[in-house]
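> Sequence and predicted model, in that order:
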Amino acid sequence: PTMRIFYSHFNCIKYLILFLSFPIFSSKAQNAHSENDKLRVYFDCQTDCDLNYIRTEINYVDHVNDRFAATVYILATSQRTGSGGRIYMLQITGQEQFSGMNDTLSYTRNATATDDEVRRLNVETLKLGLLPFILKTKMAKDLIFSFSKDLKPTLEKPKKDTWNLWVFNLNVGGNFSGDKNYSQTRFNSGISAGRVTEKLKTNFYLNGNHSKNRYGEGINEFKYTNKQYSLQNTTVWSLDKHLSAGGDIYAERSDYRNYRLNTTAALAIEYNFYPYSESTNHYAGLMYRAGPAYYNYIEETIYSKMKELRFQQSLAFNISYNQKWGEVSGSAFFSHYFHDLSKNRLSFSGNAQIRLFKGLSVNFYGYYAFQRDQLNIVKGDVTNEDLLTRRRQLNSSYDFYTNFGLRYRFGSLFNNVVNPRFNR
């Protein structure tokens with residue numbers, strides 16, 4: 001009985017000590033958390049971003065290297081606008097204690113804006129997006145809220161667009177390279193015009209390219225010149241949030257492809273399984289095209305033709321997804337000529353940049369085509385110069401390209417410091 005009473009008193013004392021010490025340990029844990037009450041932000045940029053500038057200007061959060069360690073995840077994407085600029089979307093997702101807090105902000109880059117103007121606009125938009133999260137932390141008491149100028153109610157009339165939404169671009173350029181055994185000279189020029197509205201999009205392109213190449217010297221010297229000129233128009237009408245219809249016209253002159261004149265015209269219809277308004281996040285479209293093609297060749301082809309009129313059709317399926325785990329896109333394409341169904345092309349392509357798990361990411365791009373529709377190949381023997389210089393298109397039943405990579409990153413999660421020394 002004496003021992004039972006002793007153990008009973010001992011247990012009471014033990015639990016009393018634990019009860020009294022709990023606030024101490026709890027206070028220490030809370031203090032440890034409050035010492036680092038900053039937001040942990042992972043910025044997933046799938047467009048053009050100046051990450052060093054972002055870290056420098058938004059230095060009151062912890063920039064982490066892994067989205068799984070972040071309390072705020074930001075996905076940045078962009079799309080081209082009809083005026084030649086870009087509209088950027090910032091999709092902000094709360095994680096851990098901020099789970100359920102989501103927002104989407106956007107800003108537009110004018111076609112004539114400088115990189116500095118864009119990165120400043122990016123940072124200001126990011127600050128606005130982070131504000132609701134900061135308000136739920138102890139950092140909120142240090143906020144100072146103000147406007148950069150006095151806001152007065154105004155009634156402004158909409159500005160008249162003298163160009164009626166038409167946008168034009170002119171470009172000219174060239175490059176020169178060479179040494180004792182090789183030289184190349186290239187010139188290119190182009191003009192484009194486009195008009196984009198919610199209901200109609202039309203674009204015109206006129207381009208020219210001229211190149212001179214030299215291999216070897218003296219009696220072993222080999223020279224050739226390639227010229228290429230093209231004119232294209234694509235016009236599309238919005239029928240509803242999933243359906244579009246339109247067409248395109250194309251004309252080309254190409255030494256490399258043996259075309260004195262290559263003209264095609266086609267009507268097309270496209271169905272997007274997602275609303276077009278959601279295309280920055282996901283797109284799955286099926287497009288059908290059909291129309292005539294007229295070919296006038298520079299040299300006689302392997303089918304003993306100098307000119308011909310053919311009809312063709314094609315079906316393409318394209319997908320793209322931009323999500324927290326990465327970006328995936330791909331396409332499948334099939335086309336054929338009506339006069340000979342064996343003259344066809346089947347191609348596949350895919351692109352992926354995926355974060356598998358903490359620190360590990362993979363990237364891949366691949367393209368493969370089964371091509372049996374090369375009506376333009378020049379008749380005759382293939383010379384060594386043709387093979388080595390690729391001065392003209394040669395017959396091939398397939399075409400492919402691929403690249404891939406794997407990256408694993410580990411170490412500190414935090415990445416707040418910007419040090420530009422010895423950057424080259």
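Everything's here; your move. Small disclaimer: the values here were computed from a predicted structure and weren't measured.
> so who does the spatially closest residue to Tyr337 that is not a sequence neighbour touch?
Nearest residue to Tyr337, sequence neighbours excluded (Cβ to Cβ, 6 or more residues apart in numbering): Lys343, at 4.4 Å. Heads up, the C-betas are built off the backbone N, CA and C, glycines and all. By Cβ atoms under 8 Å, 6 or more residues apart in numbering, the residues touching Lys343 are His336, Tyr337, Arg372, Asp373, Leu375.
> try 6 Å
When contacts are counted by Cβ atoms under 6 Å, 6 or more residues apart in numbering, Lys343 touches Tyr337, Arg372, Asp373.
> for Phe334, same thing?
Contacts of Phe334 (Cβ under 6 Å, 6+ apart): Leu315, Leu346.
> Name the SS class of it, please.
strand (DSSP: H, G, I helix; E, B strand; the rest coil).
> Generate a ChimeraX selection restricted to the buried entries among the contacts of Lys343.
A single ChimeraX command selects the buried members of the contacts of Lys343 (16 or more other Cβ atoms under 10 Å):
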select :337,373
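> which one of the contacts of Lys343 sits closest to Val118?
Nearest to Val118 among those: Asp373, at 42.6 Å, using Cβ to Cβ.
> what ranges of the stretch 151-300 of the chain fall below the confidence cut-off?
By pLDDT under 70, the weakly predicted segments of the stretch 151-300 of the chain are 151-159.
> Pretty sure Val123 sits in a helix.
Yes: looking at Val123 with three-state DSSP, it is inside a helix.
> My guess is it contacts Asn59. True?
No: between Val123 and Asn59 there is no contact under Cβ atoms under 6 Å: 11.1 Å.
> Those two: which has the busier surroundings?
Val123 (16 against 13; other Cβ atoms under 10 Å).
> For the stretch 301-424 of the chain, just list every one of the strands.
307-323, 326-337, 344-357, 360-371, 398-408 (DSSP state E, counting those that start in this stretch).
> Switch those strands over to JSON lines; also include distance to Thr301.
Listed next are the strands of the stretch 301-424 of the chain as JSON lines, based on distance: least, Cβ to Cβ, whole Å:
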{"stretch": "strand 307-323", "distance to Thr301": "9"}
{"stretch": "strand 326-337", "distance to Thr301": "14"}
{"stretch": "strand 344-357", "distance to Thr301": "17"}
{"stretch": "strand 360-371", "distance to Thr301": "15"}
{"stretch": "strand 398-408", "distance to Thr301": "19"}
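> Ok, which of these comes nearest Ile74?
Nearest to Ile74 among the strands of the stretch 301-424 of the chain is strand 307-323 (12.7 Å), distances taken as Cβ to Cβ.
> do you know how far Val236 is from Gly246?
Distance of Val236 to Gly246, given as Cβ to Cβ, to the nearest Å: 3 Å.
> Let me know the pLDDT of the residue nearest to Tyr337.
As predicted, Lys343 sits at a pLDDT of 96.
> Strands of the stretch 51-200 of the chain, residue ranges please.
Secondary structure of the stretch 51-200 of the chain (DSSP E, counting those that start in this stretch): strands at 62-63, 72-80, 86-94, 102-109, 166-178, 182-196, 200-215.
> Convert the fifth one to CSV, retaining C-alpha atoms only.
What it means is strand 166-178. In CSV, the C-alpha atoms belonging to strand 166-178 read as follows (Å, rounded to 0.1, in the frame of the first residue of the first chain):
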residue,chain,number,x,y,z
TRP,A,166,-4.0,46.8,-88.0
VAL,A,167,-0.4,46.2,-87.0
PHE,A,168,2.6,46.2,-89.4
ASN,A,169,6.1,45.0,-89.0
LEU,A,170,9.2,45.5,-91.3
ASN,A,171,12.5,43.7,-90.9
VAL,A,172,15.8,43.4,-92.7
GLY,A,173,18.9,41.6,-91.6
GLY,A,174,21.9,39.6,-92.6
ASN,A,175,25.0,37.7,-91.4
PHE,A,176,28.5,37.0,-92.7
SER,A,177,30.8,34.2,-91.6
GLY,A,178,33.8,32.4,-93.0
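> Which elements pack onto it?
Applying 3 or more Cβ pairs under 6 Å, 6 or more residues apart in numbering; DSSP states H and E, we find strand 166-178 packed against strand 182-196.
> Ok, the second one next?
With contacts defined as 3+ Cβ pairs under 6 Å, 6+ apart, strand 72-80 has these neighbours: strand 40-45, strand 86-94.
> Identify whichever of those strands lies nearest to Met101.
strand 86-94 (3.5 Å).
> model confidence over that closest one, on average?
On average, strand 86-94 scores 88.
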